[in-house]
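**Q** coords please:
(one chain, ligands or ions: 1)
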Amino acid sequence: MSADPQCQAPLLETVMTTTGTDGVVNCAAMGVRWGEREVAFWPFHGTRTLRNLRAHGEAVVHLTDDVLLFVQSALGRPQPAVRAATEISGSVIEQASHWRELVVSEITPAGARALVRAKVVASGTGAAEPAGLCRARHAVVEASILASRVRVLGAEHVRAELERLQPLVDKTAGPREREAMAYVREYLADHD
Ligand SMILES: Cc1cc2nc3c(=O)[nH]c(=O)nc-3n(C[C@H](O)[C@H](O)[C@H](O)COP(=O)(O)O)c2cc1C
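**A** Residues are numbered from 1 along each chain as shown. Below is the predicted model:
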């Protein structure tokens with residue numbers, strides 16, 4: 001990737017694993033500029049991900065179609081099956097279709113977030129076939145982003161947006177997407 005990762009590779013929604021000083025593996029949904037040799041991402045200050053990266057500058061970013069894992073990584077503390085990464089001391093999520101192992105090269109404050117640049121030191125692909133585009137999956141991902149920002153956006157706004165997204169789930173979801181949307185709604189009921 002060139003010197004300006006913000007304007008180059010597309011921003012893909014990933015699940016990122018990092019490891020805490022206590023050895024606990026953390027999963028977080030994270031938008032990442034997905035370059036082949038370098039990636040960039042913007043964790044908010046206060047996230048466990050940023051704390052872990054400052055203490056131990058390694059991570060694994062994963063692509064997955066599993067929206068329930070996405071939603072849980074944004075709003076909860078999932079513990080998917082993992083195995084050891086090959087080039088770093090990190091964890092690869094078993095069900096991921098693609099992953100990249102990262103070593104952080106730079107963490108720069110950037111307003112409410114930090115800009116993290118990292119080198120890709122290993123990558124891999126899983127056995128799972130791409131699941132294809134699905135409107136319900138995209139709707140659930142949008143819903144979970146909104147829910148993860150409910151304190152900033154306000155519960156009323158987030159609930160109105162969910163009403164707009166729900167028909168896409170009703171029309172096009174399978175069981176996994178329905179379960180993921182229900183997870184978002186339960187989270188909102190507990191946090192508004
Ligand atoms: C699709 C998606 C993308 C997200 N992208 C980011 C991001 O770029 N930066 C960030 O800090 N949080 C992002 N979030 C929210 C985090 O996943 C959420 O705040 C999570 O709780 C942070 O986890 P942590 O405290 O365990 O690190 C995103 C959520 C979703 C659903």
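**Q** ok, the residue sitting furthest away from the middle of the chain - contacts?
**A** For the chain, the residue at maximal distance from the C-alpha centroid (C-alpha atoms, centre = their mean) is Lys171, at 25.0 Å. Lys171 is in contact with 135-136, counting by C-beta atoms under 8 Å, 6 or more residues apart in numbering. In this view, the C-beta of every residue, glycine as well, is placed from N, C-alpha and C.
**Q** next, it: secondary structure please.
**A** For Lys171, the assignment made with DSSP: H, G, I helix; E, B strand; the rest coil gives helix.
**Q** where does it land on pLDDT?
**A** Lys171 carries a pLDDT value of 97.
**Q** what does the one 4 residues further on give?
**A** The predicted local confidence for Pro175 comes out at a pLDDT of 95.
**Q** now swap in Asp4 and tell me
**A** 56.
**Q** likewise the one 3 residues further on?
**A** The per-residue pLDDT reported for Cys7 equals 53.
**Q** returning to what we had before: separation between the residue farthest from the centre of the chain and the ligand?
**A** 21 Å (C-beta to the nearest ligand atom, to the nearest Å).
**Q** contacting residues for Arg113?
**A** So Arg113 contacts 42-45 (C-beta under 8 Å, 6+ apart).
**Q** now render those as a markdown table, adding distance to the ligand, neighbour count and secondary structure.
**A** Listed next are these as a markdown table, based on distance: C-beta to the nearest ligand atom, whole Å; neighbours: other C-beta atoms under 10 Å; DSSP: H, G, I helix; E, B strand; the rest coil:
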| residue | distance to the ligand | neighbour count | secondary structure |
| --- | --- | --- | --- |
| Trp42 | 5 | 18 | coil |
| Pro43 | 4 | 23 | coil |
| Phe44 | 4 | 13 | strand |
| His45 | 9 | 12 | coil |
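**Q** could I get those residues in CSV, plus columns for pLDDT?
**A** Output for the contacts of Arg113, formatted as CSV (pLDDT from 0 to 100):
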residue, pLDDT
Trp42, 97
Pro43, 97
Phe44, 95
His45, 94
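**Q** what about the most centrally placed residue in the chain, which SS state?
**A** The centre of the chain sits closest to Ala29, judged by C-alpha atoms, centre = their mean, with a distance of 1.7 Å. The three-state label given to Ala29 by three-state DSSP is strand.
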